[in-house]
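Chemist: Predicted model, plus sequence, below.
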Amino acid sequence: MAITINTVKREFSYNGMTLADPGTQFTPDRVRDMYTAQYPELTTAAVEGPEYKGENAVYKFVRAAGAKGNHA
């Protein structure tokens with residue numbers, strides 16, 4: 001029986017958009033901080049995940065404002 005090793009790719013999602021991973025040297029929080037220049041509302045966003053989908057580890061940026069009660 002052969003063992004295979006697959007690389008897990010990180011994927012970042014915000015408001016229905018997929019954002020590019022700047023590199024594995026950045027933590028998910030640092031990736032969020034990097035994108036705040038383009039999306040200022042990410043300043044207070046939480047990072048959820050990862051949720052594994054196939055060979056992808058998907059992280060979601062969830063805005064704190066307007067998110068109350070969505071997980072009930």
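Modeler: Good, I have the coordinates.

Chemist: show me where pLDDT drops low in the protein?
Modeler: 65-72 (pLDDT under 70).

Chemist: at 90 instead, please
Modeler: 1-2, 4-7, 63-72 (pLDDT under 90).

Chemist: ranges for the strands of it?
Modeler: Ranges of strands in the chain, per DSSP state E, are 9-14, 17-19, 46-53, 56-62.

Chemist: So which residue is smack in the middle of the protein?
Modeler: Tyr59 (2.6 Å; Cα atoms, centre = their mean).

Chemist: how many other residues sit next to the closest residue to it other than its chain neighbours?
Modeler: Distances taken as Cβ to Cβ, 6 or more residues apart in numbering put Gly49 closest to Tyr59, at 4.0 Å, once the chain neighbours are dropped. (Each C-beta comes from the backbone N, C-alpha and C, glycine too.) Gly49 has 16 neighbours, counted by other Cβ atoms under 10 Å.

Chemist: pretty sure Gly49 is touching Val58, no?
Modeler: Yes. The criterion here is Cβ atoms under 8 Å, and Gly49 meets it with Val58 at 5.8 Å.

Chemist: picking up where we left off before, okay if I get the strands of the chain as CSV plus distance to Asp29?
Modeler: Formatted as CSV, these follow (distance: least, Cβ to Cβ, whole Å):
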stretch, distance to Asp29
strand 9-14, 11
strand 17-19, 14
strand 46-53, 6
strand 56-62, 10
